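Chemist: My questions are about this predicted structure, shown below with the sequence.
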Amino acid sequence: MIHIPKDISSKLTFLIGKPEHISSFPEPVFSELRIEFLSELSKKLLSQKDIRKFPDVATFAFWCRGSNLKKIIRNSLSSHLRVGLGLVYHNSPSNVPVNFAFSLAFGIISGNSSVVRLSSKESESSSFILNVLATVLDYSKYSNIKKSIHIVKFKRDDEVNKFWMSVADGRVIWGGDETVAKMRAYQCKPRSREIVFPDRFSLSVINAIKIIESTKDDLNKLCVALFNDIYIMDQNACSSPQLFNWVGDDSIIKKAKERLWPLFLKYVESRHSLEPIQYMNKYVDACRSAIMNNNVKSVKHENNLLFNIELSYFHKQQQDQRGYYGTVHEVSIKELNELSLIIDNRCQTLTYFGFDTEQLKNFVISSKLLGIDRIVPIGRSLDMDVIWDGYDIISHLSRTIDIY
């Protein structure tokens, strides 16, 4: 067991777990009981009558389904013995509340005990998950798992952070570049592992001629996919697309936009609404962008839900041109390779429509890209996986034991 000094303990609020239960004893990776626990958590979440109000929670619950976890296990089969590191500390983000649950799930699957610091920012999604999590943890068959899960809150405090870094065998840090740099400054165990998720930038690429050639049904499906990428997290996630790149001749791109965006806006109107403060923030950001950036060609919005900010060229600080709550920055390019001008190691996800995988592979290889860790079809930008930001998370949070 890990002893928490009184001066540290007094600053902690345990939402799940007890301070006297914190241990660093590893369990096997993909333990049957732990997989069963996550599957049961998934069923319990999806059975809640209010689940439709929380699409981010539903996304997590679907990810935890037994069928999906079995697929992860099949893709990770190894003849070696793999066990957890021991105790993993998770610093969860405030911009995407549900990520604390994914991070915890990674710790569970990889055979670790976890201490998860929840953001001080209140979140209905987090509270929803915590209530169901507490219920499932009370089942007697999960008594040992219950002792390995600790959800805490505490104010920013160097001494508290220093303590957790000193006892953790691994750390998972979600946050901006500043948060990552600060957490890395604390001394940790010599053999502790680290996974960091700093600021990232994601973008989308659309083959304009494929929009023209698509059937109405195909375009309706694309609208659903775009909605999922843009509005489920209101573009707050690191994998949310910030820049839409239209590929093709200018005349084709113009026709493609005229075909897609009105249809998309109609779909958004049927599914989404904004709080007044969200609209005001989006409007102010769009005005600021138009004033401060010479590459802004036009700002179009028929109503509050969708802002289209057309760019005439890539800005040298293109990754700083971001928007939220349905803000689409878009630029026209002739060839896919032109994207290499703005792709560096800060780029995470590229979503696409109208390209085949060979074209995308050739683009990555021929352009010798330093960035882009995920390339997925439009609609799957938020699909969390055990491979994320270029990390094999389960492997990174466990150790492999050779037995001959």
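Modeler: On my side now, so go ahead. Numbers count the residues shown, from 1 in each chain.
Chemist: quick one: contacts for the most centrally placed residue in the chain?
Modeler: With distances taken as C-alpha atoms, centre = their mean, the residue of the chain nearest its centroid is Ala237 (5.4 Å). The contact partners of Ala237, by C-beta atoms under 8 Å, 6 or more residues apart in numbering, come to Asn95, Val96, Ser381, Leu382. Any C-beta I mention is one placed from the backbone N, CA and C, and that applies to glycine too.
Chemist: For those residues, pick the one with the most neighbours.
Modeler: Neighbour tally across these (other C-beta atoms under 10 Å): the maximum, 28 neighbours, falls on Ser381.
Chemist: Give the phi and psi angles for it, as a check.
Modeler: Geometry field for Ser381 lists phi and psi as phi -60, psi -30, criterion degrees, to the nearest 10.
Chemist: for the one 10 residues further on, same thing?
Modeler: Geometry field for Tyr391 lists phi and psi as phi -90, psi 140, criterion degrees, to the nearest 10.
Chemist: Isn't Tyr324 up against Met280?
Modeler: No: using C-beta atoms under 8 Å, Tyr324 is not in contact with Met280, being 11.8 Å away.
Chemist: who's more crowded, the two?
Modeler: Applying other C-beta under 10 Å to Tyr324 and Met280 shows that Tyr324 carries more neighbours, namely 18 against 12.
Chemist: that older thread, and the contacts of Ala237, which two are the farthest apart?
Modeler: By the measure C-beta to C-beta, Asn95 and Ser381 form the most distant pair in the contacts of Ala237, at 14.8 Å.
Chemist: Only the buried residues of stretch 334-343, if you could.
Modeler: Within stretch 334-343, the residues scored as buried using 16 or more other C-beta atoms under 10 Å are Leu336, Leu339, Ser340, Ile342, Ile343.
Chemist: just those now: which is nearest Thr135?
Modeler: Using C-beta to C-beta, Ile343 is the member of the buried residues of stretch 334-343 that sits closest to Thr135, with 44.4 Å.
Chemist: Using the three-state scheme, assign that closest one.
Modeler: Of the three states, Ile343 takes coil under DSSP: H, G, I helix; E, B strand; the rest coil.
Chemist: mind listing what it touches?
Modeler: Contacts of Ile343 (C-beta under 8 Å, 6+ apart): Ser367, Leu369, Leu370, Gly371, Ile372.
Chemist: Arg374 versus that one, what's the distance?
Modeler: According to C-beta to C-beta, to the nearest Å, Ile343 stands 13 Å off from Arg374.
Chemist: Counting neighbours, what do you get for Ser298?
Modeler: Applying other C-beta under 10 Å, we find 10 residues neighbouring Ser298.
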